[in-house]
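A.B. asks: Make a model of this:
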Amino acid sequence: MVSAADILHAKILIVDDQQANVLLLERMLRGAGYDSVTFTMNPGDVCELHRTHRYDLIMLDLLMRGMDGFEVMEGMKEIEPEGYLPVLVITAHPDHKLRALQAGAKDFVSKPFDLAEVLARVHNMLEVRLLHLETRKLYDELVAEHKRSIELTAQPGAMVGVVDEERLATHWFRSLRLRHPWLQLNLLTAFAAAAVVGMFQDTIDRLLILTIFLPVLADQSGNTGSQALAITLRGIILGDLQPGKEKALVMKEALLGLMNGALVGLVAAIGMYVVATFEHLHGALMLSLVVFLAMVGSCVISGICGAIVPLVLKRFGTDPVTASSIFLTTATNVASMGMLLGLAAVLVK
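C.D. replies: Below is the predicted model of the structure:
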């Protein structure tokens, strides 16, 4: 919404080759409270001045020596590609008014000047001009936001290899070629998580109850990492993540992982204690501690990885949207399973 102060602060240029007219108009405007009024008596300077200062209103005399107001308006059309000329023409010839409006002027004032008429027309033109600029800015912001929304909407498919080149009508062979490499990479990373489980096979054989909580930890730490990943990707895509702020982002996600891990870890530890006690297992309290520590540790690691993985991929020139989820899944699985089984092997005898 345009305020009275906005109108009084608007930039106004007076163009007239008669000094008496320039001084009179300037005195009228400044007396009414307009505080950004400038003038030129050389019509050939108007286009360059407007290109530099982008005036909200140009009061333009039509009949001047060397270059008339109609020629000035033709030159301004190159500066205002949308065709909106913020021009209020000054004329003493009634037959020039229609021609000036057809040339792009938005209004006119007649000579000799009437104070009330000049101020009313200036105020009305400035109000319309500022509303036009405000509306244009809002439109540009909406278009930019729409583009960002489209980019964000495309992310889920890209993160699993369904890239924007593929459509419903894409041939099956091309779809296979686009998707399959990512599935092969995901299979290789899954072997890493399986290898961790294999390292602690004796612990699993001895404490079979741990297999109940392995998917619980993997799921919770995976969600923690996914939240951090989503925030980081959004910051990268929308430009919210400023250079030099990466460390603060990682520290924030580590802290959130610690706090969230402690809260859900407490609930999971109680669950482990209840199940272990029901099964009459020795060391139920220690098993609960293992679950709690593993949950906290894996959530911290997952939060850190969710922030770091896309940053590292971007640093090496790889699209973080496309590849982050695969590496994050591996990190969270290895961390959650490794910590649960490792702690159990050390603490539960």
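A.B. asks: neighbouring strands for the strand or helix carrying residue 58, and are they parallel or not?
C.D. replies: Assigned by DSSP states H and E, residue 58 belongs to strand 57-61. Note on strand 57-61: by DSSP bridges, its sheet partners are strand 12-15 (parallel), strand 87-91 (parallel).
A.B. asks: Select, out of those, the one closest to residue 171.
C.D. replies: Taking CB to CB, strand 87-91 is the member of these nearest to residue 171, at 57.5 Å. For every residue, glycine as well, the C-beta is placed using N, CA and C.
A.B. asks: The residue nearest to residue 240 when sequence neighbours are not counted: which element?
C.D. replies: Nearest non-adjacent residue to residue 240, counting by CB to CB, 6 or more residues apart in numbering: residue 234, 7.1 Å away. Using DSSP H and E, residue 234 sits within helix 210-238.
A.B. asks: tell me the angle of the helix or strand just after that helix relative to helix 210-238?
C.D. replies: Next along the chain after helix 210-238, taking DSSP H and E as the criterion, comes helix 246-278. Angle, helix 246-278 to helix 210-238, by axes from the mean of the first three to the mean of the last three CA atoms, to 10 degrees: 160 degrees.
A.B. asks: by contact count, what packs against whatever helix or strand residue 194 lives in?
C.D. replies: Taking DSSP H and E as the criterion, residue 194 maps to helix 172-199. Applying 3 or more CB pairs under 8 Å, 6 or more residues apart in numbering; DSSP states H and E, we find helix 172-199 packed against helix 320-347.
A.B. asks: cutoff 10 Å now
C.D. replies: Helices and strands touching helix 172-199, by 3 or more CB pairs under 10 Å, 6 or more residues apart in numbering; DSSP states H and E, are helix 201-206, helix 210-238, helix 320-347.
A.B. asks: most packed of these?
C.D. replies: Compared across the helices and strands packed on helix 172-199, helix 320-347 shows the largest average neighbour count, a mean of 22 (mean count of other CB atoms under 10 Å).
A.B. asks: tell me the average confidence for that one?
C.D. replies: In this model, helix 320-347 has a mean pLDDT of 83.
A.B. asks: relative orientation of it and helix 172-199 in degrees?
C.D. replies: Counting by the same axes, to 10 degrees, helix 320-347 points 20 degrees away from the direction of helix 172-199.
A.B. asks: if we can go back for a sec, downstream of the strand holding residue 58, the next helix or strand is which one?
C.D. replies: Next along the chain after strand 57-61, taking DSSP H and E as the criterion, comes helix 69-76.
A.B. asks: chain center to that next one, what's the gap?
C.D. replies: The chain centroid and the centroid of helix 69-76 are separated by 40 Å under CA atoms, centre = their mean, to the nearest Å.
A.B. asks: Does residue 278 touch residue 284 like I think?
C.D. replies: Yes. In this structure residue 278 lies within contact range of residue 284 using CB atoms under 10 Å: 9.2 Å.
A.B. asks: in the chain, which helix or strand is least confident?
C.D. replies: helix 115-159 (a mean of 73; mean pLDDT, DSSP states H and E).
A.B. asks: shaky segments in the stretch 1-150 of the chain?
C.D. replies: Along the stretch 1-150 of the chain, segments meeting pLDDT under 70 span 1, 81-83, 142-143, 145-150.
A.B. asks: tell me what the helix holding residue 234 is packed against?
C.D. replies: When contacts are defined as 3+ CB pairs under 10 Å, 6+ apart, helix 210-238 sits against helix 115-159, helix 172-199, helix 201-206, helix 246-278, helix 284-315, helix 320-347.
A.B. asks: nearest residue to residue 229 other than its sequence neighbours?
C.D. replies: The spatial neighbour of residue 229 that comes closest, neighbours along the chain excluded (CB to CB, 6+ apart), is residue 306 at 4.1 Å.
A.B. asks: ok, that neighbour - how many residues close by?
C.D. replies: 31 (other CB atoms under 10 Å).
A.B. asks: same deal with the one 10 residues further on?
C.D. replies: Around residue 316 there are 7 other residues, counting by other CB under 10 Å.
A.B. asks: ok, it to residue 123 distance?
C.D. replies: Here the criterion is CB to CB, to the nearest Å. By it, residue 316 lies 58 Å from residue 123.
A.B. asks: Ok, residue 303 next?
C.D. replies: On the measure of CB to CB, residue 303 and residue 123 end up 57 Å apart.
A.B. asks: Repeat that for residue 329.
C.D. replies: Between residue 329 and residue 123 the distance is 63 Å, computed by CB to CB.
A.B. asks: sorry, back to before: any idea of the pLDDT on the residue nearest to residue 240?
C.D. replies: So, for residue 234, pLDDT stands at 81.
A.B. asks: Identify the residues contacting the closest residue to residue 97 other than its chain neighbours.
C.D. replies: What sits nearest to residue 97 in space, not counting adjacent residues and going by CB to CB, 6+ apart, is residue 108, at 5.1 Å. Residue 108 makes contact with 59-60, 62, 87-91, 94, 96-98, 100-101, 121, according to CB atoms under 10 Å, 6 or more residues apart in numbering.
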